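> Below: sequence and its predicted model.
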Amino acid sequence: MTAFRPMRRNRQQLSNEECERILGRCTSGVLALAGDGGYPYAVPLSYVYADGVIIFHSAVEGHKVDAIKRDDRCSFCVIDKDEIRPAEFTTHFRSVIAFGRIQMIEDADEKVQALRLLGRRYSPNDESGLQHEIDKSLDHVLLLRLDIEHMSGKQAIELTK
């Protein structure tokens, strides 16, 4: 396992519990992978956080899938707050970065569960519509699970007071 760096400005570090609350409340983030030709590949995605993992859906092929097949290590960043303070020449920010490995969900029951989590996150209170969407897309959608190995969150020093 990789040794992750401690946060340099640890007074601004968020607790693990606060990081989890942020992951649970946000709806989009940026997944970073080792892309083609050694270039980093960062792609914005919708996600759901549940039970300590992050779930994404994807087409079954493309740049993201090729990168994951080459190297399953990744980071995923969400921005919870980004408030520009022009008079102070600063930004009041809050963000979380999760590091881990991505697994392609192969098990049919786990795929359905992942689709239910995503569907209920983005289209709550529409179980019949969700079931229709699952039935329609199950055979041609890829579900991905980020198993978190390390997570850290940071906020502007002004927000710590």
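Good, I have the coordinates.

> those strands in this structure, which residues are they?
In the chain, the segments counted as strands under DSSP state E are 28-34, 40-46, 48-50, 53-58, 73-85, 90-104, 142-155.

> Show the contacting residues for the residue most central in space within the chain.
With distances taken as Cα atoms, centre = their mean, the chain has residue 76 as the residue nearest its mean C-alpha position (4.8 Å). Residues in contact with residue 76 (Cβ atoms under 8 Å, 6 or more residues apart in numbering) are 29, 30, 31, 32, 47, 54, 97, 98, 100, 146. Using the backbone N, CA and C atoms, a C-beta is placed for each residue, glycine as well.

> hey, what's the fourth one bridged with?
Pointing back at residue 32 there. When bridges are called by DSSP bridges, residue 32 pairs up with residue 42, residue 75.

> Which strands or helices does the lengthiest helix in the chain pack on?
Ranked by residue count under DSSP state H, the longest helix found in the chain is helix 108-122. On a contact count with 3 or more Cβ pairs under 8 Å, 6 or more residues apart in numbering; DSSP states H and E, helix 108-122 meets strand 48-50, strand 53-58, helix 127-137, strand 142-155.

> Please point out which parts of the second one sit buried.
When you say that, I think you mean strand 53-58. 53, 54, 55, 56, 57, 58 (16 or more other Cβ atoms under 10 Å).

> hmm, back to that, so which of the helices and strands packed on helix 108-122 is nearest residue 13?
Ranking these by proximity to residue 13 (Cβ to Cβ) places strand 142-155 first, at 6.1 Å.

> what's next to the helix or strand of the chain with the lowest mean pLDDT, contact-wise?
Least confident element among the helices and strands of the chain, by mean pLDDT, DSSP states H and E: helix 127-137 (a mean of 88). With Cβ under 8 Å, 6+ apart as the test, helix 127-137 has contacts from 112, 115, 116, 119, 120, 123.

> Taking the chain centroid, which residue in the protein is the extreme one?
Outermost in the chain, Cα atoms, centre = their mean: residue 87 at 32.6 Å.

> low-confidence ranges in the chain?
Within the chain, the ranges that satisfy pLDDT under 70 run 1-2.
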